[in-house]
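Undergrad: have a look at this prediction, sequence included:
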Amino acid sequence: MINYQRIVCATDFSPASELAVSGADDLAKRLGATLHLVHVVQDPLQEPWSAEGFAMNISELVNEWVSEAERQLNGLAAKCTSTTVTACRVGRPVQQILDYVGEVKGDLLVVGSHGHGFVAHMLLGSVAERLVRQAPCPVLTVRGLSRREHGSETALSAAGRA
């Protein structure tokens, strides 16, 4: 049996990521593993629109984003039942997540998948897919609910409370 001791869960704070964090936390608790929650703040200077220039201080903007991400990470960690470590990185998400997995010698990477359609995938790419292809360890993807599924679950939940 594979002995997972360090489970890394990448989050972008989306509903799909919330499901991934919940699943990773449950798995970490069952296995006695440490859960590492990591979020990557994209560096605005690496984005195509950064060439347009800014009237504001970029480093202040990034510091604000990092502070908010750390606040959200700490909130997620507080809800976890396993031993949890948080990390916030700045840069390109795929590379930063892979670097973090390598640094902590992660045994398993857990990521949420938004399940966008084919056109969105072709235009935007998929962080989850690139992580599956490039990660040095097994990757568990947790699919988020589609809009249709989310709507029917909300309706079912409301009906169950009535």
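TA: Received it, and whenever you're ready, just let me know what you need.

Undergrad: give the buried residues for the lengthiest helix in the chain.
TA: Longest helix in the chain, counting residues (DSSP state H): helix 58-79. Of all the residues in helix 58-79, those buried under the rule 16 or more other CB atoms under 10 Å are Val62, Trp65, Ala69, Gln72, Leu73, Leu76, Ala77. (C-beta placed from N, C-alpha, C; glycine too.)

Undergrad: ditto for stretch 97-117
TA: Those buried within stretch 97-117 under the rule 16+ other CB under 10 Å are 97-98, 100-101, 104, 106-115.

Undergrad: which one of the residues you listed is nearest to Arg89?
TA: Tyr100 (6.4 Å; CB to CB).

Undergrad: doesn't the closest one fall inside a helix?
TA: Yes - according to DSSP: H, G, I helix; E, B strand; the rest coil, the state of Tyr100 is that of a helix.

Undergrad: one step back: list the ones among the buried residues of stretch 97-117 that fall in strands.
TA: Leu108, Leu109, Val110, Val111, Gly112, Ser113 (DSSP state E).

Undergrad: which members of the buried residues of stretch 97-117 are the farthest-apart pair?
TA: Farthest pair in the buried residues of stretch 97-117 (CB to CB) is Val104 and Gly115. Separation: 27.7 Å.

Undergrad: tell me where the protein is predicted with low confidence.
TA: Within the chain, the segments meeting pLDDT under 70 span 1, 46-56, 114-125, 145-162.
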